[in-house]
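Student: mind looking at a prediction? Sequence and model below.
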Amino acid sequence: MSKFFEYGIEKIFYVVNITDNIKISENQFPELHKLLIEACRILEVKPPEFYIDQNPVVNAYTTGVEKPFICVTSGLIELMNEEEIMSILGHELGHIKCGHILYQMVARCLKPLFEIIGSVTFGLGKFVGVGLELALLQWSRKAELTADRAGLLTVQNPEVMMNALMKLAGGASSHLTKINRDALLQQAEEAIAIDEKADVKGYIERAGKFLINLFRTHPFPIIRTKEIHDWAKGIDYERILRRETKPAGEEIMLCPRCGAKNLKIFTYCESCGLKLWS
């Protein structure tokens, strides 16, 4: 499958970037290039190609299985400071290091593919494909939490990572100093508490939250902020900073449900999505 993407959609993404975006290098926006190289050094990842897209929407993405590359928008560069940009680059490098890219590309292609199949099978192909699409989207949301941890490990400052996530959630740069992190974490607790409500109003809110989340590729930004805050206070984060863990690929555990191998820093099984740690 990786070869299919290498000679198919991956080439299309490459052509779009090389012709429509600016490639970051030692000679082109060297300050951004230095951030990438430093992030790669910390996470021990081979530097991928790096592009900037003239787009006011705040976004960053990584694609390419055999030859991965990162693209960030001008909107993100303008909104965030250098440390926050580096945390986002660390997040994207986390996708590369954890091998997420292939499955992300599959998830992007499934919906249009099954729509085509559905059109010639009286909707049956589309119906069958929805289940697979939802499973991949659930995995994608959990993969984003893993990548957030890579972003934190890059800057090694929870406040920086939380600031970046808050800006993604809607905090304008000029007003960031006015954002109360404790209030934001309380907001996250309120969002999580929706799942615990048992009255009629609670059931409606839970159903709404479920439906809103169902087709998302990323977790809610507020929840991501809470997750990274909690992980930064845990023993696993401290052990990694003290280099008490083995290199990636050595310290693993088997999922009790599907038997897949997972790094011990993962909260969820990368194969079936089972929660491994509380």
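Tutor: Yep, it's here. Fair warning: this is a prediction, and the values are worked out from it, not measured in the lab. Residues are numbered from 1 along each chain as shown.
Student: dump stretch 77-91 to CSV, keeping only the CA atoms.
Tutor: What follows is the C-alpha trace of stretch 77-91 in CSV, where atoms were taken according to Å, rounded to 0.1, in the frame of the first residue of the first chain:
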residue,chain,number,x,y,z
ILE,A,77,3.6,31.5,11.4
GLU,A,78,2.1,34.9,12.0
LEU,A,79,0.1,33.7,15.0
MET,A,80,2.7,31.8,16.9
ASN,A,81,6.1,32.7,18.4
GLU,A,82,9.3,30.6,17.7
GLU,A,83,8.8,28.2,20.6
GLU,A,84,5.2,27.5,19.7
ILE,A,85,6.1,27.0,16.0
MET,A,86,8.8,24.5,17.2
SER,A,87,6.1,22.7,19.3
ILE,A,88,3.9,22.4,16.2
LEU,A,89,6.9,21.1,14.2
GLY,A,90,7.5,18.6,16.9
HIS,A,91,3.9,17.5,16.7
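Student: what's next to it, contact-wise?
Tutor: 31-32, 35-36, 38-39, 42-43, 52, 58, 60, 70, 72, 76, 147-148, 150-155, 157, 160-161, 163-164, 167, 172-173 (C-beta atoms under 8 Å, 6 or more residues apart in numbering). Using the backbone N, CA and C atoms, a C-beta is placed for each residue, glycine as well.
Student: list only buried entries from those residues.
Tutor: Among the contacts of stretch 77-91, those classed as buried by 16 or more other C-beta atoms under 10 Å are 32, 35-36, 39, 42-43, 52, 58, 60, 70, 72, 76, 147-148, 150-155, 160-161, 163-164, 167.
Student: still on that earlier bit, just the ones of the contacts of stretch 77-91 in helices?
Tutor: Under the assignment DSSP state H, the contacts of stretch 77-91 contribute 31-32, 35-36, 38-39, 42-43, 76, 147-148, 150-155, 160-161, 163-164, 167 to helices.
Student: strands of the chain, residue ranges please.
Tutor: Per DSSP state E, the chain carries strands over the ranges 22-23, 49-53, 60-63, 69-73, 252-254, 261-263.
Student: which of those is buried the deepest?
Tutor: Taking mean count of other C-beta atoms under 10 Å as the contact definition, the stretch among the strands of the chain with the greatest mean neighbour count is strand 69-73, which reaches a mean of 23.
Student: that strand relative to strand 49-53, how many degrees between them?
Tutor: Orientation note: strand 69-73 sits at an angle of 20 degrees relative to strand 49-53 (axes from the mean of the first three to the mean of the last three C-alpha atoms, to 10 degrees).
Student: by contact count, what packs against strand 69-73?
Tutor: helix 9-20, strand 49-53, strand 60-63, helix 82-97 (3 or more C-beta pairs under 8 Å, 6 or more residues apart in numbering; DSSP states H and E).
Student: what's the third one in contact with?
Tutor: Read it as strand 60-63. Contacts to strand 60-63, defined as C-beta under 8 Å, 6+ apart, come from residues 10, 13, 48, 68-73, 76, 88-89, 91-93, 95-96, 101, 104-105.
Student: which intervals of the chain have sub-threshold pLDDT?
Tutor: Applying pLDDT under 70 to the chain picks out residues 1-8, 108-129, 171-178, 198, 246-251, 264-265, 277-278.
Student: show me the contact partners of stretch 45-59.
Tutor: 17, 20-25, 29, 32-33, 36-37, 39-40, 62, 64, 67-77, 79, 93, 96-97, 167-168.
Student: for the residue most central in space within the chain, what are its contacts?
Tutor: Taking C-alpha atoms, centre = their mean, the centroid of the chain lies closest to residue 144, which sits 2.8 Å from it. With contacts defined as C-beta under 8 Å, 6+ apart, residue 144 is in contact with 217, 218, 219, 224.
Student: neighbours of residue 234, how many?
Tutor: When neighbours are defined as other C-beta atoms under 10 Å, residue 234 has 10 of them.
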